[in-house]
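Here is my input, please return the structure:
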Amino acid sequence: MNQSSNSIVRVSHVHKYFRRGSERVDVLQDLTLDVPEGEFLGLMGPSGSGKTTLLNLIAGIDSPSEGEVWIENEKISAMSESRLAHWRTRHVGFIFQFYHLLPVLSAYENVELPLLLLGLSAAKRREQVMNVLDLVGLSDRVRHRPGQLSGGQQQRVGIARALVTDPVLIVADEPTGDLDAKSAEEILDLLVEVAKSLKKTILMVTHDPRAARRADRILHLEKGQLVEQAVTA
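The predicted model follows:
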């Protein structure tokens, strides 16, 4: 299948199920989704509804039981594990609820980690790391370790790490879930700015309606299917 010219993500008739003994447990059922380039998409739904499963399929962490997943013009649902690992490094940036920073490394070193897999020179790595740390407002915290940073600053490091390889897609799983209200708003402001100024496509899973309202579009997962909701002020 071919994607429309402005589409980054296309999920086509995807089923995802697991086996529990002789029982088949369906998580996603005949799910279809199209995400245009540069869209900030919010995914909501109750715990266990399959939000993270869908995010993992789109990010190439997992594969569908049936159906196809395309990112740009690549059918990632047909890739081998080794090819998927290489593809993820170059094309997907990950933002996590609990940051997933290495405590013994500085902010600079945590952001640099994805670049070490790409064979870039030290000078090129430094240029890219400093660019994204400046973008997230942490150019004065490059030598600080995670324990010396606030939760909001740690998440800014996480966002810089997600951006440093210049991926086509950012996936964020509850990116404000561990933050106070003020820090959460600042992180959401930053994600909106990333989507608009860098034209990055962002898929964000969240339980927080206030966070979801910052997205361009909100989809709810209900019984393994997506239901679109209007964004309200």
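
So in terms of bridging, what pairs with the residue nearest to residue 173 when sequence neighbours are not counted?
Leaving aside its sequence neighbours, residue 173 sits nearest to residue 205 (C-beta to C-beta, 6 or more residues apart in numbering; 5.0 Å). (C-beta placed from N, C-alpha, C; glycine too.) Beta-bridge pairing of residue 205 under DSSP bridges involves residue 43, residue 173.

Give me the distance between residue 205 and residue 182.
Computed as C-beta to C-beta, to the nearest Å, the residue 205 to residue 182 distance reads 22 Å.

of those two, who's got more company?
Neighbours per residue, other C-beta atoms under 10 Å: of residue 205 and residue 182, the larger number sits with residue 205, 23 against 9.

wait, residue 104 sits on residue 147?
No - between residue 104 and residue 147 there is no contact under C-beta atoms under 8 Å: 9.6 Å.

Sketch out the low-pLDDT regions of this protein for me.
For the chain, the stretches with pLDDT under 70 are 1-5, 228-233.

rerun at 80
In the prediction, the chain carries residues with pLDDT under 80 at positions 1-6, 48, 223, 227-233.

what does the longest helix along it contact?
In the chain, assigned by DSSP state H, the helix with the most residues is helix 181-197. Here helix 181-197 makes contact (C-beta atoms under 8 Å, 6 or more residues apart in numbering) with 38-40, 135-136, 150-152, 155-156, 159, 163, 170, 172, 175-176, 179, 200-202, 204, 208, 210-211, 214, 216.

middle-most residue in this structure, spatially?
Centroid-nearest residue in the chain: residue 171, 0.8 Å away (criterion: C-alpha atoms, centre = their mean).

Which helix or which strand is home to that one?
Using DSSP states H and E, residue 171 falls within strand 169-173.

Does anything pack onto that strand? Which helices or strands?
Here strand 169-173 touches helix 51-58, strand 92-96, helix 151-163, helix 181-197, strand 201-205, going by 3 or more C-beta pairs under 8 Å, 6 or more residues apart in numbering; DSSP states H and E.

what's the following helix or strand after the first one?
Which is helix 51-58. strand 66-71.

what about the next helix or strand after that following strand, distance to the chain center?
On the C-terminal side of strand 66-71, the nearest following helix or strand under DSSP H and E is strand 74-75. How far strand 74-75 lies from its chain's middle: 18 Å, per C-alpha atoms, centre = their mean, to the nearest Å.

I'd say residue 92 and residue 166 touch.
No - taking contacts as C-beta under 8 Å, residue 92 lies outside contact range of residue 166: 11.3 Å.

ok, these two, which is more surrounded?
Using other C-beta under 10 Å, the more surrounded residue of residue 92 and residue 166 is residue 92, with 22 against 13.

Beta-bridge partners for the more buried one, please?
Beta-bridge pairing for residue 92 (DSSP bridges): residue 169.

Is residue 209 in contact with residue 44, as I believe?
Yes - if you go by C-beta under 8 Å, residue 209 and residue 44 touch, sitting 7.5 Å apart.

show me the contacts for the closest residue to residue 54 other than its chain neighbours.
Closest residue in space to residue 54, ignoring its immediate chain neighbours: residue 28 at 6.2 Å, by C-beta to C-beta, 6+ apart. By C-beta under 8 Å, 6+ apart, the contact set of residue 28 is 14, 15, 16, 50, 53, 54, 57, 64, 224.

now swap in residue 113 and tell me
Residue 113 is in contact with 102, 105, 161, counting by C-beta under 8 Å, 6+ apart.
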